[in-house]
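# Sequence below, structure please.
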Amino acid sequence: MIEQYLVSELGTIPTLAGQCYPAAAPVGDLEPPFCIYTRVAGEIQRDMSGEPVFFRDVYRLDLAGDDMDALCLLEQEVISTLCKECVEFGDDIYIFSVTAAPGAPDGFDLVLENHQRSVSCTITYWR
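Sure thing, here's the model as predicted:
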């Protein structure tokens, strides 16, 4: 469910609308720019009785594009779009905060011939 929130937020960026995929996406068939998201960590914070207080998931967003300048601008747009606080999503998810920052250094994929940028995104929420 939290991935639906992530994809819906990224979909508000015109160049990424319909271009966000989970890690199992058929990357060789995609037209840049696009985003591949991967959940890399998660934790549940519990109170003393063992009830969940909040959840925290960390995602790596791999952005790919054919123009490095445009990709750097897209990275900044992704970060500014995602960073939020106090958001209700659907009927049963309340997002306390979303933080995003540049992740791994940029690179170039020689197989796909795309520039790459990475964004690390942490979502803290209750469901």
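
# Now do the contacts for the nearest residue to Gln19 once chain neighbours are set aside.
In this structure, Gln19 finds its nearest non-sequential neighbour in Phe34, 4.2 Å apart by Cβ to Cβ, 6 or more residues apart in numbering. Every C-beta, even on glycine, is put in place using the N, C-alpha and C of the backbone. Applying Cβ atoms under 8 Å, 6 or more residues apart in numbering to Phe34 gives the contacts Leu16, Gln19, Cys20, Tyr21, Ala25, Leu63, Ala64.

# what ranges do the helices span in the chain?
Ranges of helices in the chain, per DSSP state H, are 2-10, 68-82.

# For the lowest-mean-pLDDT helix or strand in the chain, which helices and strands make contact with it?
Every helix and strand of the chain was ranked by mean pLDDT, DSSP states H and E. The lowest is strand 107-109, at a mean of 80. Identification of packing neighbours for strand 107-109 by 3 or more Cβ pairs under 8 Å, 6 or more residues apart in numbering; DSSP states H and E yields strand 114-126.
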